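Asker: 3D model of this:
(chains A and B)
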Number of protein chains: 2
Amino acid sequence: MQNNETQIAVLGGGSWGTALVKLLQYNNIKTGWWIRRPEQQHRILTQHHNPDYLSHTELSPELLFTTTDLNELLWHNPLIILAIPSAYIDSVFSEIPVDVFSKSQVISAVKGIEPSTQLPVHRWLMERFGMDPHQIGVIGGPCHSEEVVMQRRSYITVGVSDPALGKTMSDLFTTPWVSVRISEDVEGIGMAAILKNVYGIVAGMATGLRYGDNFLAVLVTNMIHEMEQVLRDLTGNGRSIQASVYAGDLLVTAYSRFSRNWMFGNLIGRGYPVPSALLELQMVAEGYHAIMALGTAEWFPLKQYPLLRAAHRIIALHQHPETVFAELRNALV
Amino acid sequence: MQNNETQIAVLGGGSWGTALVKLLQYNNIKTGWWIRRPEQQHRILTQHHNPDYLSHTELSPELLFTTTDLNELLWHNPLIILAIPSAYIDSVFSEIPVDVFSKSQVISAVKGIEPSTQLPVHRWLMERFGMDPHQIGVIGGPCHSEEVVMQRRSYITVGVSDPALGKTMSDLFTTPWVSVRISEDVEGIGMAAILKNVYGIVAGMATGLRYGDNFLAVLVTNMIHEMEQVLRDLTGNGRSIQASVYAGDLLVTAYSRFSRNWMFGNLIGRGYPVPSALLELQMVAEGYHAIMALGTAEWFPLKQYPLLRAAHRIIALHQHPETVFAELRNALV
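Answerer: Sure, this is the predicted structure:
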């Protein structure tokens, strides 16, 4: 695709932000890229790779314009892809005026809950900046960033209520190895992306506790079932859970040993106290913040969902994983 | 459980038969065990383990009675657990009279299709021996035999139309680490066990073809979806596919590198011709016989199911896996 007219900016220099920029570069799209740390920006422009994430991926500086001035970047780009961990977005946007997105559309590629408001990121955008539903979108997987830059077959589903925005997103991110699907289920996709990170932690815990493949398969089956219940309770019917962006994204998280959420859960299952596991990981496990927020958010009926409640008991209430799993076993279908 | 009154026999000395015998021994149940090869029988009685399968598992000879006379064993035991690979059952029973099960109940632990009649094993039993539905049952997983004998948490679902038979099976096979569920969905469980072996082959092919985790997750999601369709088309609604015996058993097969079906598919994906892959494996891959039979069985509308059709094109029609998967990619949801 040749399109240098779209004014698009990606926010965030993590692995997912880097992978999305790489896809845009493949399609020859000039991209604004906000990266918090100036030295990381500098390395990308001079050495043509992100030193901290996906560092083997070559990036073309001639297709990038970077600035340390987030406010300016936002005003100049009507299409924003948000790829900043949910724990930091409130502080990153702290000095950004409320009307900055009045003529923009923002796609959340973040799979989490903003801690201070306890809202999913796309909901936080609407609340914080007074945005309308047609201005908002979400990106779902399954789409491990490592495989995306390795050009292995991957799937992105974009949830949008504005069909024109869906068409734009499809044009921007489709490559020979990445299929982009468009869905109207913004709320469901946003929520599924949050849940699968928590479920990824639970899967890691099971393996850390030395449960085997038989148990894991039953556990993951129950995750699919529970995810369907949560989405139905929060947003009604109208989807098949057996689609790539729901069950598929859950499977890749629950079965991947490379997921940060899985590793975090695995450490806890092996006996690490939660604070030590967080320290050991040295990376953000989105599922950690998600379950902490879901446990107290007024809009979320945590008690109805045995797997999420188990995660909360272990992570937030520091109950013993062995005990919680021994009880959980009997609740599985 | 203390119950030396139940007269039960297990047929088959493979790993699944051995694991089922081990569970019965844990519950102190005297068991008839038919094993085809006399030297294997002898080793079990003298050295207290099966030399060919799960050979680290100790077996108590005082709880076993063995005979090479299958006919006699069948007449003396009103409850039979059938764990002989589907490809061999017709020849094993070739000289057994048609009324042998007139007063018996038979549970099929075999996950396949009998090749000469192209019927699922529980259906073959009914046809070959004129058995009624209440005399028949099926055992489903997810229940890798290796994990069962390692005492790792596992799940068995027994499909029966006779509730008393369900109760007996639960009493016989429940242990502190094995949960037994009872279901009335004999047809659905029997068919799901057949399908998951074919899907296990397809999952192995994907990895053999060097597709990554993102693709595999989408592929497996589509398998769950397609399995639900097949079961609905063949036997109607009335089940949640997101239960351990359907989606759970599929997951453990699709994600396990130790499954024979997965290995068979993996070899084919890596470029082995089908006959070489069969030779290399030196073990029965149930899914191979299943897809060969499903491709020609009159009762099965193979063309309606993209994933099963892809497996058939590669395995039975010897089409190139690369080509078939390239087309399949576009059919995934």
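Asker: what's the pLDDT at the residue nearest to A:E327 when sequence neighbours are not counted?
Answerer: If you skip the residues right next to it in sequence, A:E327 has A:A310 as its closest partner in space, 7.8 Å away by CB to CB, 6 or more residues apart in numbering or on different chains. Using the backbone N, CA and C atoms, a C-beta is placed for each residue, glycine as well. Reading off the confidence values, A:A310 has pLDDT 98.
Asker: isn't A:A310 right next to A:A326, touching?
Answerer: No - taking CB atoms under 8 Å as the contact criterion, A:A310 and A:A326 are not neighbours in contact, 10.5 Å apart.
Asker: higher neighbour count, the two?
Answerer: Set side by side, A:A310 and A:A326 show more neighbours around A:A310, with 21 against 12, by other CB atoms under 10 Å in any protein chain shown.
Asker: SS state for that one?
Answerer: Three-state secondary structure (criterion: DSSP: H, G, I helix; E, B strand; the rest coil) places A:A310 in helix.
Asker: which residues touch it?
Answerer: Going by CB atoms under 8 Å, 6 or more residues apart in numbering or on different chains, A:A310 touches A:V202, A:V324, A:F325, A:E327, A:L328.
Asker: out of the residues you listed, which is most surrounded?
Answerer: If you count neighbours using other CB under 10 Å, the busiest of these is A:V202, which has 30 neighbours.
Asker: how about that one, secondary structure?
Answerer: Taking three-state DSSP as the rule, one finds A:V202 in the helix state.
Asker: A:G159 now?
Answerer: strand.
Asker: next up, the contacts around it.
Answerer: Contacts here follow CB under 8 Å, 6+ apart; on that basis A:G159 touches A:137-140, A:183-190, A:245.
Asker: please apply the same query to A:L302.
Answerer: Taking CB under 8 Å, 6+ apart, we find A:L302 in contact with A:L294, A:G295, A:L308, A:R309, A:H312.
Asker: quick check: which element contains the closest residue to A:L54 other than its chain neighbours?
Answerer: The spatially closest residue to A:L54, leaving aside those adjacent along the chain, is A:T18, at 4.9 Å (CB to CB, 6+ apart). In this structure, A:T18 sits in helix A:15-26 according to DSSP states H and E.
Asker: next secondary structure element downstream of that helix?
Answerer: Proceeding C-terminally, helix A:15-26 gives way to strand A:31-34 as the next helix or strand, assigned by DSSP H and E.
Asker: partner strands of that following strand, parallel or antiparallel?
Answerer: Using DSSP bridges, strand A:31-34 pairs in its sheet with strand A:8-11 (parallel), strand A:64-66 (parallel).
Asker: so for the last one, what's the average pLDDT?
Answerer: For strand A:64-66, the mean pLDDT works out to 88.
Asker: and for the first one?
Answerer: Averaged over strand A:8-11, pLDDT sits at 96.
Asker: residues in contact with it?
Answerer: Contact partners of strand A:8-11, identified using CB under 8 Å, 6+ apart, comprise A:17, A:20-21, A:24, A:29, A:31-34, A:70, A:73-74, A:76-77, A:79-84, A:92, A:172.
Asker: chain center to that strand: distance?
Answerer: Relative to the centre of its chain, strand A:8-11 is centred 16 Å away, using CA atoms, centre = their mean, to the nearest Å.
Asker: now that strand - C-alpha only, PDB.
Answerer: Below are the C-alpha coordinates for strand A:8-11, written out as PDB (Å, rounded to 0.1, in the frame of the first residue of the first chain):
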ATOM      1  CA  ILE A   8      -1.100   8.500  12.100                       C
ATOM      2  CA  ALA A   9       0.900   8.300  15.300                       C
ATOM      3  CA  VAL A  10       1.700   5.400  17.500                       C
ATOM      4  CA  LEU A  11       2.200   6.000  21.200                       C
END
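Asker: may I see the buried residues of that strand?
Answerer: Judged by neighbour count using 16 or more other CB atoms under 10 Å in any protein chain shown, the buried positions of strand A:8-11 are A:I8, A:A9, A:V10, A:L11.
Asker: among those residues, which one sits closest to chain B?
Answerer: Within the buried residues of strand A:8-11, distances to chain B taken as CB to the nearest CB reach their minimum at A:V10, with 20.0 Å.
Asker: would you mind listing what in the stretch 51-200 of chain A touches chain B?
Answerer: Residues of the stretch 51-200 of chain A that fall close to chain B, judged by CB under 8 Å from any CB of the partner chain: A:G141, A:P142, A:C143, A:H144, A:E147, A:V148, A:M150, A:R152, A:R153, A:S154, A:Y155, A:S179.
Asker: tell me which element the second one falls in.
Answerer: Translated: A:P142. Here A:P142 sits in a region with no helix or strand, counting by DSSP H and E.
Asker: which SS state does the residue lying closest to it once chain neighbours are set aside fall under?
Answerer: Nearest residue to A:P142, sequence neighbours excluded (CB to CB, 6+ apart): A:V252, at 3.9 Å. Taken by three-state DSSP, the conformation at A:V252 corresponds to helix.
Asker: so A:L23 makes contact with A:V148?
Answerer: Yes - between A:L23 and A:V148 there is a contact under CB under 8 Å: 6.8 Å.
Asker: between the contacts of A:G159, which is closest to chain B?
Answerer: Comparing every one of the contacts of A:G159 with chain B (CB to the nearest CB), the shortest separation belongs to A:V245, at 9.3 Å.
Asker: re earlier: shared neighbours, A:L23 and A:V148?
Answerer: Common contact partners of A:L23 and A:V148 (CB under 8 Å, 6+ apart): A:V178.
Asker: so which of the two has more stuff around it?
Answerer: Summary of the neighbour comparison: A:L23 and A:V148, criterion other CB under 10 Å, with A:V148 having more neighbours (28 against 22).
Asker: next, the contact list for that one, please.
Answerer: By CB under 8 Å, 6+ apart, the neighbours of A:V148 are A:A19, A:K22, A:L23, A:S154, A:V178, B:N214.
Asker: and the second one, how many neighbours does it have?
Answerer: Meaning A:K22. Each residue near A:K22 was counted by other CB under 10 Å, and the total is 21.
Asker: how near is it to B:P78?
Answerer: For A:K22, the distance to B:P78 (CB to CB, to the nearest Å) stands at 66 Å.
Asker: A:F173 against A:L23, yeah?
Answerer: Yes - counting by CB under 8 Å, A:F173 touches A:L23, with 5.2 Å between them.
Asker: touching the helix holding A:T18 from outside, list them.
Answerer: By CB under 8 Å, 6+ apart, the residues outside helix A:15-26 that reach it are A:8, A:10-11, A:31, A:33, A:35, A:50, A:53-54, A:57, A:59-60, A:63-64, A:81, A:83-84, A:109, A:143, A:145-146, A:148-149, A:172-173, A:175, A:178.
Asker: for the record, mean pLDDT for that helix?
Answerer: In this model, helix A:15-26 has a mean pLDDT of 96.
Asker: likewise stretch A:138-148?
Answerer: The pLDDT scores in stretch A:138-148 average 92.
Asker: and what of stretch A:270-281?
Answerer: 92.
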